[in-house]
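K.L.:
after the sequence you'll find the predicted model.
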2 protein chains.
Amino acid sequence: MTTISIIGTGNMGQAISAVAGKGGTTVQLIGEDDATTQVTGDIVVLAVPYPALSAVIAERGASFAGKIVVDITNPLNFETFDSLTVPADGSAAAEVAAALPDSRVLKAFNTTFAATLSSGSVGDATTTVLIAGDDADAKTTLASVVTAGGLKAVDAGSLKRARELEAVGFLQLTLAAAEKISWTGGFATVA
Amino acid sequence: MTTISIIGTGNMGQAISAVAGKGGTTVQLIGEDDATTQVTGDIVVLAVPYPALSAVIAERGASFAGKIVVDITNPLNFETFDSLTVPADGSAAAEVAAALPDSRVLKAFNTTFAATLSSGSVGDATTTVLIAGDDADAKTTLASVVTAGGLKAVDAGSLKRARELEAVGFLQLTLAAAEKISWTGGFATVA
């Protein structure tokens, strides 16, 4: 039975926790500043903003060895909303993978607003979680948690595709911030 | 009354032609290899594959001065489906804009499969054309053609956002090629 630990209790952490719980997955939800609670899940979701990733990894990274680690961040410059803060040919997920060589790192949940994880739909389409990563078993494990929770999951390819997923997340955030779309909508994936 | 010239008679050229015609816009559809027909439209859509762009611009670029030029390409490496062929911090649209300093260049139609332009929907959502560019009037002019044809149009920001639009197009193509989504679906934009 897969178990999941979520670090970060903001909108996204709560929404991912609710999806996992709905599917019967045991969830551990840990505050970003809680330095004492040991991570117990097979899957660890880093549900913190991009600038907080390095501190979480520095503090807890050793305990992630052997686990599936999920990066959900959109590394935007939130002052200008005009660029990403990672190198043009890289991604936040690539940085996480480099920092955690003993973990299987996935990119997921960065293209789904929290409200669409909670509602289960983007317009009339079921909310779809796009998952990128280099380990097929890890992707299947996370996809099972997502689909058990009533959402769809699509394998978006290797971890290299995190670059494109972060571009999708970036674009979606700029459209919502500019009120071209709402925070309850966004990009739906239609099979 | 806006008029539109489309260079390229493939699936995308035909589909864009049909949308424009449906809205009552006068359309000139020109074969990629036709070197003699003069472009007459206020808007020129370069509906050719990325590798063919430079030849079209070399041959006809001077006649595009003062016009709105629309780049629809997805500059993928179609042998590997694993990367774009433009610099990581650039875009095909940026290259077109650099080559056509006397035109107002837009990025559009690269995130909508031809079938969704023809059907008018992505799943249950009305097909939405995302338009990026630095000239607000040019974007409004193209958006009017699109909405008159029964689709939605969303201003996706400055021409810098072409980079993200090309990432969306790239990801969507990889998902369809891998049969994760169909060529009649893809990413729907839900307001």
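P.N.:
Here it is on my side, so go on.

K.L.:
quick one: the helices in chain A?
P.N.:
Listed in chain order, the helices of chain A (DSSP state H) span A:11-22, A:50-60, A:92-99, A:114-119, A:136-148, A:162-177.

K.L.:
out of these, nearest to chain B?
P.N.:
helix A:162-177 (3.3 Å; C-beta to the nearest C-beta). Backbone N, C-alpha and C define where each C-beta goes, glycine included.

K.L.:
with just CA atoms, put that closest one into PDB.
P.N.:
The C-alpha coordinates for helix A:162-177 follow below in PDB (Å, rounded to 0.1, in the frame of the first residue of the first chain):
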ATOM      1  CA  ALA A 162       9.800  19.100 -16.900                       C
ATOM      2  CA  ARG A 163      11.100  22.100 -18.800                       C
ATOM      3  CA  GLU A 164       7.900  22.100 -21.000                       C
ATOM      4  CA  LEU A 165       5.700  21.400 -18.000                       C
ATOM      5  CA  GLU A 166       7.200  24.400 -16.200                       C
ATOM      6  CA  ALA A 167       6.500  26.500 -19.300                       C
ATOM      7  CA  VAL A 168       2.900  25.400 -19.300                       C
ATOM      8  CA  GLY A 169       2.600  26.300 -15.600                       C
ATOM      9  CA  PHE A 170       4.300  29.600 -16.100                       C
ATOM     10  CA  LEU A 171       2.000  30.500 -19.000                       C
ATOM     11  CA  GLN A 172      -1.100  29.400 -17.100                       C
ATOM     12  CA  LEU A 173      -0.100  31.500 -14.100                       C
ATOM     13  CA  THR A 174       0.500  34.600 -16.300                       C
ATOM     14  CA  LEU A 175      -2.900  34.200 -17.900                       C
ATOM     15  CA  ALA A 176      -4.600  33.900 -14.500                       C
ATOM     16  CA  ALA A 177      -2.700  36.800 -13.000                       C
END
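
K.L.:
buried ones in it?
P.N.:
Within helix A:162-177, the residues that count as buried by 16 or more other C-beta atoms under 10 Å in any protein chain shown are A:162-176.

K.L.:
contacts with chain B among the residues you listed, please.
P.N.:
A:Arg163, A:Glu164, A:Leu165, A:Ala167, A:Val168, A:Phe170, A:Leu171, A:Thr174, A:Leu175 (C-beta under 8 Å from any C-beta of the partner chain).

K.L.:
could I get the residues you listed as CSV with pLDDT?
P.N.:
Shown next, in CSV, are these (pLDDT from 0 to 100):
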residue, pLDDT
A:Arg163, 98
A:Glu164, 98
A:Leu165, 98
A:Ala167, 98
A:Val168, 98
A:Phe170, 98
A:Leu171, 98
A:Thr174, 97
A:Leu175, 98
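
K.L.:
same list (these) but as JSON lines, adding distance to A:Ala93.
P.N.:
Output for these, formatted as JSON lines (distance: C-beta to C-beta, whole Å):
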{"residue": "A:Arg163", "distance to A:Ala93": "8"}
{"residue": "A:Glu164", "distance to A:Ala93": "11"}
{"residue": "A:Leu165", "distance to A:Ala93": "8"}
{"residue": "A:Ala167", "distance to A:Ala93": "12"}
{"residue": "A:Val168", "distance to A:Ala93": "13"}
{"residue": "A:Phe170", "distance to A:Ala93": "14"}
{"residue": "A:Leu171", "distance to A:Ala93": "17"}
{"residue": "A:Thr174", "distance to A:Ala93": "20"}
{"residue": "A:Leu175", "distance to A:Ala93": "22"}
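
K.L.:
still on that earlier bit, which of the helices of chain A is buried the deepest?
P.N.:
Counting by mean count of other C-beta atoms under 10 Å in any protein chain shown, helix A:162-177 has the highest mean neighbour count of the helices of chain A, with a mean of 24.

K.L.:
show me the contact partners of that one.
P.N.:
Outside helix A:162-177, the residues that touch it by C-beta atoms under 8 Å, 6 or more residues apart in numbering or on different chains are A:71, A:74-76, A:81, A:84, A:86, A:89-94, A:107, A:110-111, A:113, A:130, A:132, A:156, A:181-183, A:186-187, B:154, B:156-157, B:161, B:163-165, B:167-168, B:170-171, B:187, B:189.

K.L.:
setting aside sequence neighbours, what's the nearest residue to A:Gln38?
P.N.:
Counting by C-beta to C-beta, 6 or more residues apart in numbering or on different chains, the nearest residue to A:Gln38 once its immediate chain neighbours are dropped is A:Ser63, at 6.8 Å.

K.L.:
my bad, A:Pro87
P.N.:
Computed as C-beta to C-beta, 6+ apart, the closest residue to A:Pro87 that is not its neighbour in sequence is B:Ala88, at 7.8 Å.
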